[in-house]
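Asker: structural data only, the sequence is not supplied:
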């Protein structure tokens, strides 16, 4: 299925209400996991909660991936996500 601008905007609109909560939830559950592992879990959660077919396909997966990256970056910048600093020994 080819995605046009309206389809992508619809996907973003559908995902925005849950994106922050999913990202925060994953961070709380897996604080020591690698970012790539947390992102994989976030994508799986979003796929599971969205109606069948909405998040399927490479275009949708790319939008979801970029949205997660941007939300994590924004939440990090705002200090919402608290990361423990590694101590060098």
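Answerer: Perfect, I can see it now. Since the structure is predicted, the reported quantities are computational estimates derived from the model, not experimental observations.
Asker: and the longest helix seen in the chain, what does it pack against?
Answerer: Taking residue count as the measure and DSSP state H as the definition, the longest helix of the chain comes out as helix 5-29. Helices and strands in packing contact with helix 5-29 are listed as helix 35-49, helix 58-78; criterion 3 or more Cβ pairs under 8 Å, 6 or more residues apart in numbering; DSSP states H and E. In this view, the C-beta of every residue, glycine as well, is placed from N, C-alpha and C.
Asker: contacting residues around it?
Answerer: Under the contact criterion Cβ atoms under 8 Å, 6 or more residues apart in numbering, helix 5-29 has outside partners 3, 38, 41-42, 45-46, 49-50, 54-55, 59-60, 63-64, 67-68, 71-72, 75, 80-81.
Asker: okay, which residue is most central for the chain?
Answerer: Averaging the C-alpha coordinates of the chain gives a centre point, and the residue nearest to it by Cα atoms, centre = their mean is residue 68 (2.9 Å).
Asker: return the distance of it relative to residue 4.
Answerer: 22 Å (Cβ to Cβ, to the nearest Å).
Asker: please apply the same query to residue 40.
Answerer: 28 Å.
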